[in-house]
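Engineer: For reference, the sequence and a predicted model appear below.
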Amino acid sequence: MKLDRSSGILLHITSLNGANGIGTLGKEAREFAGAIRRAGFTYWQILPIGPVRDVFGYSPYATSSTFAGNPLCIDLPMLAREPWFSGHLDTSRFQDGHFVLFEDVKAYSDSILPRAHESFKKNAGAGDRAKYDKFRGEHGAWLEDYALFTALSERFETAFWPEWDAPIASRDPGAMAHWSETLAGRIDFHRFVQYCFFSQWREFKNDIHKLGVDLIGDIPIYITMESADAWAHPEILQIDKTTRLPSSVAGVPPDYFSATGQRWGNPLYRWTDAKGGLDATTLSWWISRIRHLINLVDVIRIDHFRGFEAFWSIPYKEKTAVKGEWVRGPGALFFNALKKELGDLPLIAEDLGVITPEVEKLRDEFGFPGMRILQFAFDFNNKNTYLPHNIDNRNCVLYTGTHDNNTTNGWFYGPEISDETRSYVLEYIGTDRYEDFHRRFIRMAYGSVADLVVIPAQDILGFGAEFRMNTPGTGQGNWGWKMTKNALTDEIIEEIKRMGKIYRRIPGD
């Protein structure tokens, strides 16, 4: 994949200002797309769009399905305008603010969507019912498992399916038939919710394309055990057939930042078959996963790219990541198989951290743009590969920071770096002025040779640490930041547009 010289903004859908108390696929999404296009951005990067749960702090990286959409992103006012919807909405309960109150938002959504489902069953005409049936037919490969899994999770009050009754945990045909009949109402409800999400998504994508904005999506490499994917396809994972628990889990080894490493706990994939070749079932599932997301977005950022070259395997019973081992990943065989099936792969490789020459070779063999982070550049090493003057491959994406970083102002003005580092950063930029640092940092990114520059919305707005999206290693208090109404002012838009013109990041100018 070859990127044009351009720019983008990083903002998750839920971080928009919306009438539901959370960002949705409604008018605010169109307004935001129009605003960023006026600012010269051609890309809008989002986070994973799957269903989120309170047990994981509403993290978009720990979803119950890699195929399903987040019901909280359904725009309820748009839904209420459907001819089959009966009743009215009261969104006055949600005030404009900087953070999503997930519990309140979910409670409100859970009170409206069942009403919408009942309205649809009673009032939908032949045309709408035909659309619903078509959606079920096109997405049945994942939809039926997801709907049943979600209904079962409600019934058993846990999504950790190894704890369910053994027959349904192991997908015994008799148990599947029994529960499909017993939970038929809730199963159809969850199908309907996905129909609403993907209907709105299709309109949203078409509308922003008309404005000249492309979407960059995000795909985590691993899935959670508490997911429809793991329950429906345990054969693609390193899961013990007797205990239904993982034999090994994912993470990263001990390093400078952590003496015990990171034990993520996700089940690892069964990449090889009995003969040592690429496992056909795992490959088929991945092809379906990538194809599905390609239909929803234009470019995909693939998380933890190095795991495809080699991954850290930790025995399930280990409490830390210390006693793990490196295992060869599927490598070029995997991406060649994807390419054969799907054509050119519009992938951005998240190649951050300690990256080996083998990982770089795999990335470059397929022409995937890598990532560079400006906040990681200033360690007093003038050979640091994230410094703009050391970017030797234009086919990359340069960020001031990502969703896992502090905001640029939070990083620069806060305790994360020393006064010595602050002076070094300013010396590199060529100024001794401390004010408006985010503007100088963005300008440095825009002036680099990187083909694509992506700036988090918080940096565009000049926000501090209190508005960062996520602090890795913490389970609560993340993912909730959202823009307030009219935060992206005409003044900011014009300033970014001017920068885009100066540094040739607006296509056609």
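Structural biologist: Alright, I've got the coordinates. Numbers count the residues shown, from 1 in each chain.

Engineer: residue ranges of the helices in the stretch 251-400 of the chain, please?
Structural biologist: Per DSSP state H, counting those that start in this stretch, the stretch 251-400 of the chain carries helices over the ranges 280-294, 331-342, 357-365.

Engineer: roughly how far is the longest one from the heart of the chain?
Structural biologist: A distance of 17 Å separates the C-alpha centroid of helix 280-294 from that of its chain, computed with CA atoms, centre = their mean, to the nearest Å.

Engineer: And for that helix, what's in contact with it?
Structural biologist: 66-67, 141-142, 217, 219, 229, 233, 235-236, 269-271, 273, 300, 334, 337-338, 341-342, 345-346 (CB atoms under 8 Å, 6 or more residues apart in numbering). Bear in mind the C-beta positions are built from the backbone N, C-alpha and C, glycine included.

Engineer: filter those residues to the buried ones?
Structural biologist: Listed as buried from the contacts of helix 280-294 are 66-67, 142, 217, 219, 229, 233, 236, 269-271, 300, 334, 337-338, 345-346; burial here means 16 or more other CB atoms under 10 Å.

Engineer: Identify those among these that sit within strands.
Structural biologist: 217, 219, 300 (DSSP state E).

Engineer: Please report phi then psi for the nearest residue to the first one once chain neighbours are set aside.
Structural biologist: The shortest distance from residue 217 to any residue that is not its chain neighbour, by CB to CB, 6 or more residues apart in numbering, is 3.4 Å, and that residue is residue 297. Dihedral pair for residue 297: phi -130, psi 180, per degrees, to the nearest 10.

Engineer: And residue 297, how far from residue 334?
Structural biologist: 20 Å (CB to CB, to the nearest Å).

Engineer: ok, now residue 456?
Structural biologist: 30 Å.

Engineer: repeat for residue 188
Structural biologist: Taken as CB to CB, the span from residue 188 to residue 334 is 36 Å.

Engineer: now swap in residue 442 and tell me
Structural biologist: From residue 442 to residue 334 the distance is 36 Å (CB to CB).

Engineer: neighbours around residue 489, how many?
Structural biologist: Using other CB atoms under 10 Å, residue 489 has 11 other residues around it.

Engineer: Residue 103 now?
Structural biologist: Neighbours of residue 103 under the rule other CB under 10 Å: 10.

Engineer: do residue 349 as well
Structural biologist: Residue 349 has 27 neighbours, counted by other CB under 10 Å.

Engineer: Pull the contacting residues for it.
Structural biologist: 302, 305, 363, 368-371.

Engineer: run the last query once more with 7 Å
Structural biologist: 302, 305, 363, 368-370 (CB atoms under 7 Å, 6 or more residues apart in numbering).

Engineer: Turn those residues into a markdown table, columns for neighbour count and pLDDT.
Structural biologist: Below are these laid out as a markdown table (neighbours: other CB atoms under 10 Å; pLDDT from 0 to 100):
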| residue | neighbour count | pLDDT |
| --- | --- | --- |
| 302 | 21 | 97 |
| 305 | 23 | 97 |
| 363 | 25 | 97 |
| 368 | 21 | 97 |
| 369 | 25 | 98 |
| 370 | 23 | 97 |
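
Engineer: Mind checking which of the residues you listed are in strands?
Structural biologist: 302, 370.

Engineer: from the contacts of residue 349, which is closest to residue 43?
Structural biologist: residue 369 (11.8 Å; CB to CB).

Engineer: That closest one and residue 289: what is the separation?
Structural biologist: Separation of residue 369 from residue 289 (CB to CB): 20 Å.

Engineer: re the thing from before, ok, which of the helices of the stretch 251-400 of the chain comes nearest residue 315?
Structural biologist: When the helices of the stretch 251-400 of the chain are ranked by proximity to residue 315 (CB to CB), helix 280-294 comes first, at 20.7 Å.

Engineer: Please spell out which residues along that closest one are buried.
Structural biologist: Those would be 282-283, 285-286, 289-290, 293-294, for helix 280-294 by 16+ other CB under 10 Å.

Engineer: nearest to residue 119, of those residues?
Structural biologist: residue 293 (30.5 Å).

Engineer: Next one: that closest one from residue 133, what distance?
Structural biologist: From residue 293 to residue 133 the distance is 24 Å (CB to CB).

Engineer: Not counting its neighbours along the chain, what's nearest residue 194?
Structural biologist: Using CB to CB, 6+ apart, the closest residue to residue 194 is residue 68 (5.7 Å).

Engineer: Buried residues, stretch 482-496. List them.
Structural biologist: Of all the residues in stretch 482-496, those buried under the rule 16+ other CB under 10 Å are 482-483, 488, 492-493, 495-496.

Engineer: as a whole number, average confidence for that stretch?
Structural biologist: In this model, stretch 482-496 has a mean pLDDT of 96.

Engineer: likewise stretch 377-387?
Structural biologist: 97.

Engineer: average pLDDT for stretch 261-274?
Structural biologist: Mean predicted lDDT for stretch 261-274 stands at 95.

Engineer: Show residues contacting that stretch.
Structural biologist: Applying CB under 7 Å, 6+ apart, the set of residues contacting stretch 261-274 from outside is 222-225, 230, 236-239, 246, 248-255, 278-280, 282, 311, 313-314, 318, 320-322, 329-330.

Engineer: Now the buried members of the residues you listed.
Structural biologist: 222-225, 230, 236-239, 246, 248-253, 278-279, 282, 311, 313-314, 321, 329-330.

Engineer: ok so, going back, among the helices of the stretch 251-400 of the chain, which comes closest to residue 193?
Structural biologist: helix 280-294 (17.2 Å).

Engineer: between the closest one and helix 331-342, how many degrees?
Structural biologist: In terms of direction (axes from the mean of the first three to the mean of the last three CA atoms, to 10 degrees), helix 280-294 departs from helix 331-342 by 60 degrees.

Engineer: one step back: to residue 409, which of the helices of the stretch 251-400 of the chain lies closest?
Structural biologist: Nearest to residue 409, of the helices of the stretch 251-400 of the chain and by CB to CB, is helix 357-365 at 31.1 Å.

Engineer: hmm, who's touching that closest one?
Structural biologist: Residues outside helix 357-365 that contact it (CB under 7 Å, 6+ apart) are 305-306, 308-309, 331-332, 349, 351, 370.

Engineer: likewise stretch 89-106?
Structural biologist: By CB under 7 Å, 6+ apart, stretch 89-106 touches 14, 17, 19-22, 54, 58, 72, 76-77, 80, 112, 467, 480-482, 484-485.

Engineer: Just the buried residues out of those residues, in ChimeraX syntax.
Structural biologist: Buried members of the contacts of stretch 89-106, defined by 16+ other CB under 10 Å, are picked up in ChimeraX with:
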select :14,17,19,20,21,22,58,72,76,80,112,467,480,481,482
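
Engineer: In helices, which of the contacts of stretch 89-106 appear?
Structural biologist: 76-77, 80, 112 (DSSP state H).

Engineer: of the residues you listed, closest to residue 166?
Structural biologist: residue 112 (36.3 Å).

Engineer: Test my guess that the closest one contacts residue 76.
Structural biologist: Yes. Using CB atoms under 7 Å, residue 112 makes contact with residue 76 at a distance of 5.3 Å.

Engineer: residues touching residue 201, list them.
Structural biologist: When contacts are counted by CB under 7 Å, 6+ apart, residue 201 touches 25, 69, 296.
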